[in-house]
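> Only the shape, not the letters, is given here:
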């Protein structure tokens with residue numbers, strides 16, 4: 001029963017192949033994906049990259065304006081990486097959140113390709 005009250009956040013890098021309109025040029029976009037594998041919403045999510053808030057880190061595309069603070073159960077969010085983010089790898093990542101369990105959630109990893 002307690003598992004239904006827990007969020008379970010993880011982070012990884014994913015890539016998507018894109019094509020330019022009216023050309024045949026293919027390019028790749030990279031994203032930081034934060035996934036909630038749990039059965040409860042994660043609230044007040046705080047995501048740090050190399051000890052900086054996610055949107056303040058140079059690895060994240062500056063077109064993203066708002067940090068995502070809630071991640072629903074069994075869902076995910078993503079942040080687009082900027083060009084040249086690979087120079088930042090490996091990238092220490094820490095996530096903290098609250099959920100219905102009443103206990104703070106924590107996750108940390110080192111992102112690589």
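Perfect, thanks for sending it. It should be emphasised that the depicted structure is a prediction, and the values quoted were computed from it without experimental measurement.
> Can you show me the helices along the protein?
For the chain, applying DSSP state H gives no helices.
> residue at max distance from the center of it?
Within the chain, residue 22 marks the point farthest from the mean C-alpha position, 31.3 Å out by Cα atoms, centre = their mean.
> Run through the strands of this structure in chain order.
9-19, 26-36, 43-49, 52-53, 75-80, 91-98, 105-111 (DSSP state E).
> Now mean pLDDT and distance to residue 3 too, for those, in JSON lines please.
Placement of C-beta: from N, CA and C, glycine included. Converted to JSON lines, the strands of the chain look like this (pLDDT from 0 to 100; distance: least, Cβ to Cβ, whole Å):
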{"stretch": "strand 9-19", "mean pLDDT": "94", "distance to residue 3": "14"}
{"stretch": "strand 26-36", "mean pLDDT": "94", "distance to residue 3": "13"}
{"stretch": "strand 43-49", "mean pLDDT": "98", "distance to residue 3": "17"}
{"stretch": "strand 52-53", "mean pLDDT": "96", "distance to residue 3": "29"}
{"stretch": "strand 75-80", "mean pLDDT": "96", "distance to residue 3": "17"}
{"stretch": "strand 91-98", "mean pLDDT": "98", "distance to residue 3": "16"}
{"stretch": "strand 105-111", "mean pLDDT": "98", "distance to residue 3": "13"}
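> Between those strands, which one is closest to residue 68.
strand 75-80 (4.7 Å; Cβ to Cβ).
> what angle sits between the closest one and strand 43-49?
40 degrees (axes from the mean of the first three to the mean of the last three Cα atoms, to 10 degrees).
> For strand 75-80, which strands pair with it and how are they oriented?
Sheet pairing for strand 75-80, assigned by DSSP bridges, gives strand 26-36 (antiparallel).
> Show me how far the partner strand is from its chain's centre.
For strand 26-36, the separation from the chain centroid amounts to 9 Å (computed by Cα atoms, centre = their mean, to the nearest Å).
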